[in-house]
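Colleague: with the input below, show me the fold.
(one chain, ligands or ions: 1)
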Amino acid sequence: MTETTLDRPVQTPFEQIGGVPTVRRLVDRFYDLMDGDPAYAALRALHAGELAPMRDSLTGFLTAWLGGPRDWFVERPGACVMSAHARLAITPETAGQWTSAMGRALKDSAIQPSLRDQIEVAFTRMSQGMVRR
Ligand code: HEM
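Modeller: Take a look at the predicted model:
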């Protein structure tokens, strides 16, 4: 629980969605869609052949980003997810494929619709910010 000035503790988004198992299912669904749907071929081509390390890394990042354990950042001092994408030639097309696949994975998840929508808006902004200009 996160301490607040309120008289009751407030759940983090990580706690609200059910913790690591929900994050992991979301990430696995996202990469399964990216790997299997030809609509995401350009996005898939940017990634390494072996997606297992990315499944672990995105799960770890999102766990911390949603307010859960911060191991991903502790293991990568100074890491910035935006900077991690700076070397990639991300276009509006590939950014759109990322948000499309993630949007579908979010809709397939058990995350509450209102929180799901907030997460989707944030991912869309991040993805647009990663487009190389
Ligand atoms: C704009 C669309 C995006 C594209 C095209 C993209 C693409 C990529 C690629 C190609 C990699 C390296 C994968 C590999 O080495 O196999 C990567 C890593 C990663 N991406 Fe993205 N990404 C996008 C958006 C995002 C967003 C919005 C997030 C966070 C919500 C994110 C989180 C990560 C993480 C955590 C890593 C792993 C970094 C590491 O372990 O060093 N990506 N991404």
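
Colleague: next, the buried residues of the host helix or strand of Ala105.
Modeller: Ala105 is located in helix 92-108, with elements delineated by DSSP states H and E. By neighbour count on 16 or more other Cβ atoms under 10 Å, the buried set for helix 92-108 is 94-106. Heads up, the C-betas are built off the backbone N, CA and C, glycines and all.

Colleague: now the strands for this protein?
Modeller: With DSSP state E as the definition, the chain shows no strands.

Colleague: how about the residues of the protein by the ligand?
Modeller: Contact residues, the chain versus the ligand (Cβ under 6 Å from any ligand atom): 43, 46-48, 54, 57-58, 61, 81, 84-85, 88, 90, 94-95, 98, 123, 126-127, 130.

Colleague: write the PyMOL selection for whichever of the residues you listed are buried.
Modeller: Of those, the buried ones can be selected in PyMOL as follows, counting by 16+ other Cβ under 10 Å:
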select buried, resi 43+57+58+61+81+85+90+94+95+98+123+126+127+130
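
Colleague: now do the contacts for Met82.
Modeller: Applying Cβ atoms under 8 Å, 6 or more residues apart in numbering to Met82 gives the contacts Met126, Gly129, Met130.

Colleague: for it, what are phi and psi?
Modeller: Reported as degrees, to the nearest 10, the phi and psi values for Met82 are phi -70, psi -50.

Colleague: tell me where this protein is predicted with low confidence.
Modeller: For the chain, the stretches flagged by pLDDT under 70 are 1-6.

Colleague: ok, back up a step: what packs against the helix holding Ala105?
Modeller: Where contact means 3 or more Cβ pairs under 8 Å, 6 or more residues apart in numbering; DSSP states H and E, helix 92-108 is packed against helix 20-36, helix 41-46, helix 113-130.

Colleague: for the ones you listed, which one ends up most surrounded?
Modeller: When those are scored by mean count of other Cβ atoms under 10 Å, the highest mean neighbour count falls to helix 20-36 (a mean of 18).

Colleague: list the contacts of it.
Modeller: With contact meaning Cβ under 8 Å, 6+ apart, helix 20-36 is reached by 14, 17, 40, 43-44, 47, 51, 54-55, 58-59, 62-63, 66, 68, 97, 101-102, 104-106, 108-111.

Colleague: sweet, I'm off.
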